[in-house]
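*Asks:* all I have is the shape, not the residue letters:
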């Protein structure tokens with residue numbers, strides 16, 4: 001079994017705190033690693049080794065010209081969920097990089113958005129056994 005990395009150790013350590021405090025701690029921790037994420041007020045609703053659910057509100061600094069959540073903010077939300085989830089599994093001596101992002105925008109966003117990313121057992125095994133590789137990580141934004 002793979003050794004827990006620093007990010008997962010942080011998640012485990014903070015799991016005893018109330019949800020609102022955990023979300024703030026996770027946001028600050030991830031925002032230190034990825035500064036842009038720290039500016040978007042993304043809330044972490046659920047975090048475990050199988051899935052991560054994050055939320056962004058329809059706030060002015062994330063809006064497009066029609067007052068909906070900007071397409072780039074939607075992509076940031078999806079990428080944050082997949083990045084945080086994958087980061088829970090990457091050993092501390094490796095670096096996680098996104099190579100591509102495919103987004104299908106189905107309708108104008110009204111209100112806040114929630115993204116949930118998940119990893120299968122096979123994907124987690126692949127991460128543990130390979131130093132490099134590519135994975136397609138599903139994420140749903142609603």
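*Replies:* Perfect, thanks for sending it. Since the structure is predicted, the reported quantities are computational estimates derived from the model, not experimental observations.

*Asks:* in this protein, which residue is most central in space?
*Replies:* The chain has residue 81 as the residue nearest its centroid, 2.0 Å off, counting by CA atoms, centre = their mean.

*Asks:* that one belongs to a helix?
*Replies:* Yes - membership of residue 81 in a helix is supported by DSSP: H, G, I helix; E, B strand; the rest coil.

*Asks:* identify the residue nearest it in space, chain neighbours excluded?
*Replies:* Leaving out its chain neighbours, the residue that sits closest to residue 81 by CB to CB, 6 or more residues apart in numbering is residue 117, at 3.8 Å. In short, each C-beta sits where N, CA and C put it, glycine included.

*Asks:* ok, back up a step: can I assume the residue nearest to the centre of the chain is in contact with residue 142?
*Replies:* No - using CB atoms under 8 Å, residue 81 is not in contact with residue 142, being 11.9 Å away.

*Asks:* beyond the host helix or strand of the residue nearest to residue 81, next helix or strand please.
*Replies:* Secondary structure assigned from DSSP states H and E places residue 117 in strand 113-118. For strand 113-118, the following helix or strand on the C-terminal side (DSSP H and E) is helix 121-129.

*Asks:* any chance you could list what contacts that following helix?
*Replies:* Residues from elsewhere that reach helix 121-129 (CB atoms under 8 Å, 6 or more residues apart in numbering): 2, 49, 86, 89-90, 119, 133, 135, 137.

*Asks:* with that, I have no additional questions.
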